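My questions are about this predicted structure, shown below with the sequence.
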Amino acid sequence: MTTSTVSDSSVDSSADTAAPNTVAPGALASETSAAGTAGDSRVASDSVMAAPASAARTKRTMSILALSLGIASFFFAQSVVVPLAAIILGVFGLRDEPSGRSFSIWGIVLATVATFGWVVIVVAGAIISLPFLLFAAL
C-alpha cells in the first residue's frame, strides 16, 4: 500500500474508496488521501503533535509530587511520613526526570526545612521548659 501526504494533489488509486471526509477503519491519519478538506490535515497534524505533549507532562510526575509533599510538610511534618515521602520522591525525580529537576530540588529543600524546623521547635520548647521542671521538683 502506498501512502500519500496531505500536500499531494492526486488520489492513490489503490486506496479504499471512502467518503472524502472520512477515514477508513484501521487507517492512520498519515495514510489518508488528500481528497479531504483542510480539516483533515489539521486533524492529522494534531494527532501527531499530541503525543509529545502528553509524554512531556508525564515526565515530571515524581517531581511535582515531591514539591506538593514538600509544601504539605509544613503542616504535617510531625508525622515524619510526609516529609520522608517528599524527600524520597525528590531524589527519584532528580535521578529519573531531568525536566522536573527544579521541582525535585524544591520538594527536598522544603521537606528538609519543615522537618528540621519542627525539630528545632521541639528542642527549643524542651530547653525553655527544663528550668521550670527543675524548679518545680525542688
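On my side now, so go ahead. Residues are numbered from 1 along each chain as shown.

Pull up the gap between residue 126 and residue 74, please.
As judged by Cβ to Cβ, to the nearest Å, residue 126 and residue 74 stand 21 Å apart. Where you see a C-beta, it was placed from the backbone N, CA and C, and this is true even at glycine.

Neighbour count: the two, which is higher?
residue 74 (16 against 10; other Cβ atoms under 10 Å).

Now do the contacts for residue 59.
By Cβ atoms under 8 Å, 6 or more residues apart in numbering, the residues touching residue 59 are 97, 99-100.

same question, residue 70
83, 86, 90, 106-111, 114.

Identify the residue spatially nearest to it, adjacent ones excluded.
residue 110 (3.3 Å; Cβ to Cβ, 6 or more residues apart in numbering).

quick one on the thing from earlier: mind putting the contacts of residue 70 in TSV, secondary structure and pLDDT included?
Listed next are the contacts of residue 70 as TSV, based on DSSP: H, G, I helix; E, B strand; the rest coil; pLDDT from 0 to 100:
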residue	secondary structure	pLDDT
83	helix	94
86	helix	96
90	helix	96
106	helix	97
107	helix	96
108	helix	96
109	helix	96
110	helix	96
111	helix	95
114	helix	93
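
In ChimeraX, select just the buried ones from those.
Selection of the buried residues among the contacts of residue 70 in ChimeraX, burial being defined by 16 or more other Cβ atoms under 10 Å:
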select :83,86,90,106,107,108,110,111,114
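
Mind checking which of the contacts of residue 59 are in strands?
The strands, defined by DSSP state E, take in nothing from the contacts of residue 59.

which one of the residues you listed has the most neighbours?
Taking other Cβ under 10 Å as the neighbour criterion, residue 100 ranks highest of those with 22 neighbours.
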